[in-house]
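*Asks:* generate coordinates for the sequence data below:
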Amino acid sequence: MSVFADLHVHTTNSDGEMALSEVPEAARDAGVSVVAITDHDRLHPELPTPVTAFEGVTVVHGIELRVEPRSEDYESDQSSGGSDGPGERVDLLGYGATPTPELVDELDRIQRDRKERGRAIIESVEDHLGVDLDLEAREGLGRPHVARAVVDHAETAYDEIGDVFDDLIADGGPCFVAREVTSFERGVDLLSDACGLVGLAHPYRYDDPEAALELTRHLDAVERYYPYDREVDPRPVERAIAEY
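*Replies:* Numbering: from 1, shown residues only. Modelled structure (predicted):
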C-alpha cells in the first residue's frame, strides 16, 4: 500500500490557516496519511510526542526554523573548499521533535523578537496606508497575518496577499522590518539534538537555489517536493540528494 505524506504543514500556531484539530480531516480529504506539523519557529504545544496517531492520521511533531547561514564559524569551515552558502536566510525543517531546554530557550527568544517585529510592521503598514488594521502583535504572528489583515480591510485597495508583500512588507519594502534569527550552525545543532531528522526547506524559493543546496552537506535531508508557483528544474536538488 502506498503512503502519501505532507511533511511541511503550518497551523494557526504560526501562520497557517488550520487549527491542529482540523488537520486530520483535511489530510484524509487529500488522501494523505502522514502529516508533519512544521510551524514557523514554534513547537506545537498540543503534540506531546515526536510522532502521534491522531484521528487515523500519523502526525509528526516538527518545526521550521529560519537561520542565517553566514557566520564566522561557518565561513571558516567552508573556506577549506566548499561554497559559503547563500547570502540570504534559509529555513530548516526538523522532524520528530522532543524539546530540549536549549531549543526551548532559543524559540522563546525568537518569539519575543517576532512579537516586537510584528508590532513594528503593523505600525509601519498602518502609517503607510492610513488605516487601523485592528491586529495585535503576539507570539507566532508573521507577515502573512499582516498581509491578510490588509486584504481584509475595507479601506485598502489590496485583493491579494502577494501584492501586499510585493508593495509593502517583502524584504527591502517600505514597511519591512528585519528580525534577529539563529545562525545556521546553531540552528543545526539545536535541531539535531531535539529532532530525528534535519533538512533544508524548499530550495527553489531562494534567490540562489544551488548555493542553498550546498548547505545540505551539513544536513540529513532536503525538501524534494514543494508546491512552487513556477516550474523548477529538479536536477540540482537531485544532484544534492545523490552527493550528500
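*Asks:* domains for the protein, by residue range?
*Replies:* If you go by automatic domain parsing, the domain ranges for the chain are 5-99+181-243, 108-169.
*Asks:* longest helix anywhere in this structure?
*Replies:* Longest helix in the chain by number of residues, with DSSP state H as the criterion: helix 101-129.
*Asks:* work out the gap between that helix and the centre of the chain.
*Replies:* Its chain's C-alpha centre and that of helix 101-129 lie 15 Å apart, by Cα atoms, centre = their mean, to the nearest Å.
*Asks:* in it, what's buried?
*Replies:* Going by neighbour count (16 or more other Cβ atoms under 10 Å), the buried part of helix 101-129 is 103, 106-107, 110-111, 114-115, 117-122, 124-126, 129. C-betas here are computed from N, CA, C, even on glycine.
*Asks:* helix or strand right after that helix?
*Replies:* helix 143-152 (DSSP states H and E).
*Asks:* quick one: residues in contact with that next one.
*Replies:* By Cβ atoms under 8 Å, 6 or more residues apart in numbering, the residues outside helix 143-152 that reach it are 15, 118, 121-122, 125, 129, 133-135, 156, 158-161, 164-165, 168-169.
*Asks:* list only those of those residues flagged as buried.
*Replies:* 15, 118, 121-122, 125, 129, 133, 135, 156, 158, 164-165, 168-169.
*Asks:* now the longest helix of the chain: mean pLDDT?
*Replies:* Taken as a whole, helix 101-129 carries a mean pLDDT of 95.
*Asks:* if we can go back for a sec, worst mean pLDDT among the domains of the chain?
*Replies:* Taking the mean pLDDT of those, domain 5-99+181-243 comes last: a mean of 90.
*Asks:* now the terminal residues of it, how far apart.
*Replies:* Start-to-end span of domain 5-99+181-243 (Cα to Cα, to the nearest Å) is 24 Å.
*Asks:* and for residue 146, the neighbour number?
*Replies:* By the criterion of other Cβ atoms under 10 Å, residue 146 has 26 neighbours.
*Asks:* just the helices in this protein please.
*Replies:* 23-29, 72-78, 101-129, 143-152, 161-164, 184-194, 209-214, 235-243.
*Asks:* helices and strands around the shortest one, which ones?
*Replies:* Secondary-structure packing of helix 161-164 (3 or more Cβ pairs under 8 Å, 6 or more residues apart in numbering; DSSP states H and E): helix 143-152.
*Asks:* quick one: the helix it packs on to helix 101-129, angle?
*Replies:* Here the directions of helix 143-152 and helix 101-129 differ by 30 degrees (axes from the mean of the first three to the mean of the last three Cα atoms, to 10 degrees).
*Asks:* any buried residues in helix 143-152, and which?
*Replies:* For helix 143-152, by 16+ other Cβ under 10 Å, it's 143-150.
*Asks:* in a markdown table, list those residues along with distance to residue 196.
*Replies:* Compiled in a markdown table, these are given as follows (distance: Cβ to Cβ, whole Å):
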| residue | distance to residue 196 |
| --- | --- |
| 143 | 30 |
| 144 | 28 |
| 145 | 30 |
| 146 | 34 |
| 147 | 33 |
| 148 | 33 |
| 149 | 36 |
| 150 | 39 |
